[in-house]
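Q: Structure, please.
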Amino acid sequence: MLSGERKEGGSPRFGKLHLPVGLWINSPRKQLAKLGRRWPSAASVKSSSSDTGSRSSEPLLPPPPHVELRRVGAVKAAGGASGSRAKRISQLFRGSGTGTAGSGSAGGPGTPGAAQRWASEKKLPELAAGVAPEPPLAARATAPPGVLKIFGAGLASGANYKSVLATARSTARELVAEALERYGLAGSPGSGPGDSVDAFALCDALGRPAAAGAGNGEWRAEHLRVLGDSERPLLVQELWRARPGWARRFELRGREEARRLEQEAFGVADGEGTGAPSWRPQKNRSRAASGGAALASPGPGSGSGPPAGSGGKERSENLSLRRSVSELSLQGRRRRQQERRQQALSMAPGAAEAQIGSADPGDFDQLTQCLIQAPSNHPYFLLLQGYQDAQDFVVYVMTREQHVFGRGGNSSGRGGSPAPYVDTFLNAPDILPRHCTVRAGPEPPAMVRPSRGAPVTHNGCLLLREAELHPGDLLGMGEHFLFMYKDPRTGGSGPARPPWLPARPGATPPGPGWAFSCRLCGRGLQERGEALAAYLDGREPVLRFRPREEEALLGEIVRAAAAGAGDLPPLGPATLLALCVQHSARELELGHLPRLLGRLARLIKEAVWEKIKEIGDRQPENHPEGVPEVPLTPEAVSVELRPLMLWMANTTELLSFVQEKVMEMEKEADQEDPQLCNDLELCDEAMALLDEVIMCTFQQSVYYLTKTLYSTLPALLDSNPFTAGAELPGPGAELGAMPPGLRPTLGVFQAALELTSQCELHPDLVSQTFGYLFFFSNASLLNSLMERGQGRPFYQWSRAVQIRTNLDLVLDWLQGAGLGDIATEFFRKLSMAVNLLCVPRTSLLKASWSSLRTDHPTLTPAQLHHLLSHYQLGPGHGPPPAWDPPPAERDAVDTGDIFESFSSHPPLILPLGSSRLRLTGQVTDDALHRELRRLRRLLWDLEQQELPANHRHGPPVVTPP
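A: Numbering: from 1, shown residues only. Predicted coordinates for the structure are as follows:
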């Protein structure tokens, strides 16, 4: 990554330019940085196969960290903050070179040549003295060896080579000794002094094979560098790769011959090209820094060194210490640089006549930067307007599927947490650390999503939500940057006409929203007025508003729903409020939806509280003293509870719809957005308020219904269905056909059923409402039955038959109304108690306590004992001993409660699943359409009131609904 290179202290020029990913200018001055880009630090180098023909059988272990890290630290201290990457890398090649001919040609510290050295070079002897000495060969840690090919260029002709075993710790001197042994030149009987290890050197040769038609492909070396005795060939091999068309290998040559070839090659390259003098200072710095320990311990042949400027040969010897191949490759490119320069001048003749001369290669770099060819396999952004011309680039390439624009920074500002990852850095002051994210997968279209609070425009329109990004679209960021998105992978399949261009006169309008928001569409005032009228009177389920009009709009919807104005459908208020939520979720910024939900929930809660207070004030118990209480009738209760039931139905559907939108917002939002958690908390608070509204309306509804039932339920125990001339109705009979004692109770059930149907209450809430009513009826009747048996004879077979008949008639009627299953479940205990009393006296006397407990499991021991102990067996007859509970259940009988608790009612469970609101297709209900038109005109009037009088428009054309 280039960002990593800048941290490593790479080329100062590249650090200043702040190159983006994917854009690389083939400039001559950048070649050194490009080459250095492939040079890792010494602590991270591992041996692997290269183009020299060497091959390792296993991965080699890196050198010990404590030794190499000390060397890297020493080099950094010597190089200073201004040293380049190439300089630091060359300092790794510090060979000892003691005792070798020509190794001390740079002169000692006191020679005149030393006065021309850089400050970092003067510190090298001190640094070298502080480095731990190399351990002897026998004491070195063993590492898995690799095979290195050493060509005997100075010993044999052709492509003859010998393979030697080498590790990452093997030095050039050790490999020379092993290669000489393989060649049979070490320790031979007739060997002279020239055959010793000191007489040979290991050379790093760079060249290319001969052309195909020039022979049999013999090797042709063009550059040569003599390795120091302490350099490690495997590490040197891994530091850089040869360019395509070139090859690299290690050669064994005589030391004197190698020095001569090296000096001749450098002398030829030093005289090539017109721009050679401009590169000389950098080469001197690199070569001086790569001298290593040889500067501290010059060889015997070094002497005091010739004086500065004494001759070309002395100067070349002084500058030839540890020359890197990267410097030699720069010399070899002079001719190609001149050719490219001439080509560039021919393409830009105006620039050639300006100030581009042979002595100013910087202008040539600027010219070559202008010759950019767009990538052909990656999407990219073309800069149309930037912030700083000196730092901005023309092309920004997407190298990942997700591309992030931002300002970046050291930290995100929250507790020193790491800064967000950014692909393209934009340095304008109004750019956020993470400003915008673009996702471009293999298949179009791409998606663009702005970060929270980030000013982003898409084709000239403010972008607040995630949108599709097509080739040719304009993407603006802040007040300064403007990009054009391009994707060469589509092969020109994008729109032929950019979407941001003005529409042609007479073109079909893209939609009502564009009609009254865009002034570049080319339509006249009359056309825009007609488009506006089509929106105001249309039947599309759309309700557009600005954030400043939100409070007035929500208040008007809630006020109309609370007042019951008009003839809206039962779920009309929830539909209108859902349209507001949908517009906020789709069109407005991300942070607007939580605020809208909070305001909406508070308005609904206030309206419901006011309605509950009004109903409570009209109850008989709250009337002034002296006014007789009038019992509530089912009809009166239905009228009072209708507003509460409507709010319960609308709030339930609105809550389900809000939950869906919040889940969509969470999926769409950037998970790294720091405000996302706050938004979700606000949404949870709003939904908790809506839950509270549903709970309160449910409680109030069942309270008034059970209050009415409380006065009608005793008739089920007291009335006689077998009156003279009365005929028992069958299942599914009408309410008027039921016995008079059952009509009040069944009337309450029928009023509740009609009310829930008219208000379109959710089926789950309908079931739970009647479940609570049946629970209350069962508990109330059972408690009355237990209470009446204590004071007077009540538990008789004849009375039990009447109660059983009344209960069966009620259950049959509820079965015909579709509530039979719920009623059977909640009336089970009352049915068990009545069934016990309906058992004939003779059969009951034969039963035992255990058999009665088995036949009536829903009754507690206390309730069963109470019914048996008060059963009327006749004058002078008490309960038989068989009815006595066993000792194990005596405590439960004595301490148990015979009455049912009203606090053990089933809990309210809110419905799950999708909302029943349908916001697609045309609005078919005329009443809802009229209310939608009224709200749209209200918003239009509010917008016009903000304009000056001379800018206001008259009422749009009204079309019949």
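
Q: From here on, just use CA atoms for contacts and neighbour counts.
A: Will do.

Q: what about stretch 900-919, average pLDDT?
A: Per-residue pLDDT over stretch 900-919 has a mean of 88.

Q: got a list of contacts for that stretch?
A: By Cα atoms under 8 Å, 6 or more residues apart in numbering, the residues outside stretch 900-919 that reach it are 541, 571, 574-575, 579, 652-654, 656-657, 660, 695, 762, 764-765, 768, 772, 775-776, 779-780, 782-783.

Q: In this structure, spot the helix with the most residues.
A: Once the chain is assigned using DSSP state H, the helix that runs over the most residues is helix 676-712.

Q: same for it, what does it pack against?
A: helix 592-617, helix 634-668, helix 743-758, helix 763-791 (3 or more Cα pairs under 8 Å, 6 or more residues apart in numbering; DSSP states H and E).

Q: mind listing what's buried in the first one?
A: Under the neighbour-count criterion of 16 or more other Cα atoms under 10 Å, helix 592-617 has 593-594, 596-601, 603-605, 607-608, 611-612, 615 buried.

Q: How about the second one?
A: Buried residues in helix 634-668, counted by 16+ other Cα under 10 Å: 634, 637-638, 640-659, 661-662, 665.

Q: elements contacting that helix?
A: Using 3+ Cα pairs under 8 Å, 6+ apart, helix 634-668 sits against helix 572-587, helix 592-617, helix 676-712, helix 743-758.

Q: how about these, which one is nearest Gln944?
A: Gln944 lies closest to helix 572-587 among the helices and strands packed on helix 634-668, at 20.3 Å (Cα to Cα).

Q: helices or strands next to that closest one in the packing?
A: helix 550-563, helix 592-617, helix 634-668.

Q: could you give the angle of it to helix 634-668?
A: Between the axis of helix 572-587 and that of helix 634-668 there is an angle of 10 degrees, by axes from the mean of the first three to the mean of the last three Cα atoms, to 10 degrees.

Q: now the stretch 451-600 of the chain, which segments are flagged as low pLDDT?
A: 492-526, 565-566 (pLDDT under 70).

Q: for the stretch 601-750 of the chain, that is, sorry about that
A: 623-631, 670-671, 724-726.

Q: Leu432 touches Gly406, doesn't it?
A: Yes: applying Cα atoms under 8 Å, one finds Leu432 in contact with Gly406, separated by 5.7 Å.

Q: Mind naming the longest strand for the protein?
A: Among the segments of the chain that qualify as a strand by DSSP state E, the longest is strand 200-209.

Q: just checking, what packs against it?
A: Going by 3+ Cα pairs under 8 Å, 6+ apart, strand 200-209 lies up against helix 172-183, strand 219-226, strand 247-254, helix 255-270.

Q: same thing but at 10 Å, please
A: strand 146-151, helix 172-183, strand 219-226, helix 233-239, strand 247-254, helix 255-270, helix 325-332 (3 or more Cα pairs under 10 Å, 6 or more residues apart in numbering; DSSP states H and E).

Q: Quick one: closest of the ones you listed to Ala823.
A: helix 233-239 (85.3 Å).

Q: With only the CA atoms kept, save that closest one in PDB.
A: Taking C-alpha atoms only, helix 233-239 is exported to PDB below (Å, rounded to 0.1, in the frame of the first residue of the first chain):
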ATOM      1  CA  PRO A 233      23.600 -13.100  -1.300                       C
ATOM      2  CA  LEU A 234      20.200 -14.700  -0.500                       C
ATOM      3  CA  LEU A 235      19.000 -11.400   1.200                       C
ATOM      4  CA  VAL A 236      20.400  -9.400  -1.700                       C
ATOM      5  CA  GLN A 237      18.600 -11.600  -4.200                       C
ATOM      6  CA  GLU A 238      15.300 -11.000  -2.400                       C
ATOM      7  CA  LEU A 239      15.600  -7.200  -2.300                       C
END
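
Q: Just the mean pLDDT for it, thanks.
A: What helix 233-239 shows for mean pLDDT is 86.

Q: what's the closest of the helices and strands packed on strand 200-209 to Leu809?
A: Leu809 lies closest, by Cα to Cα, to one member of the helices and strands packed on strand 200-209: helix 233-239, at 96.8 Å.

Q: name the helices or strands packed onto the closest one?
A: Packing partners of helix 233-239 (3+ Cα pairs under 10 Å, 6+ apart): strand 146-151, helix 172-183, strand 200-209, strand 247-254.

Q: Can I get stretch 814-832 in CSV, CA atoms only?
A: Presented in CSV, the C-alpha positions along stretch 814-832 are these (Å, rounded to 0.1, in the frame of the first residue of the first chain):
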residue,chain,number,x,y,z
LEU,A,814,-70.4,-17.5,21.2
GLN,A,815,-69.7,-20.5,19.0
GLY,A,816,-71.9,-19.1,16.3
ALA,A,817,-70.1,-15.7,16.6
GLY,A,818,-66.8,-17.4,16.0
LEU,A,819,-65.5,-17.2,19.6
GLY,A,820,-66.4,-20.8,20.7
ASP,A,821,-62.8,-22.0,21.2
ILE,A,822,-61.8,-19.0,23.3
ALA,A,823,-64.9,-19.2,25.4
THR,A,824,-64.6,-22.9,26.1
GLU,A,825,-61.0,-22.5,27.3
PHE,A,826,-61.8,-19.6,29.7
PHE,A,827,-65.1,-21.0,31.0
ARG,A,828,-63.6,-24.4,31.9
LYS,A,829,-63.4,-24.0,35.7
LEU,A,830,-67.0,-22.6,35.9
SER,A,831,-68.2,-25.5,33.8
MET,A,832,-66.5,-28.0,36.1
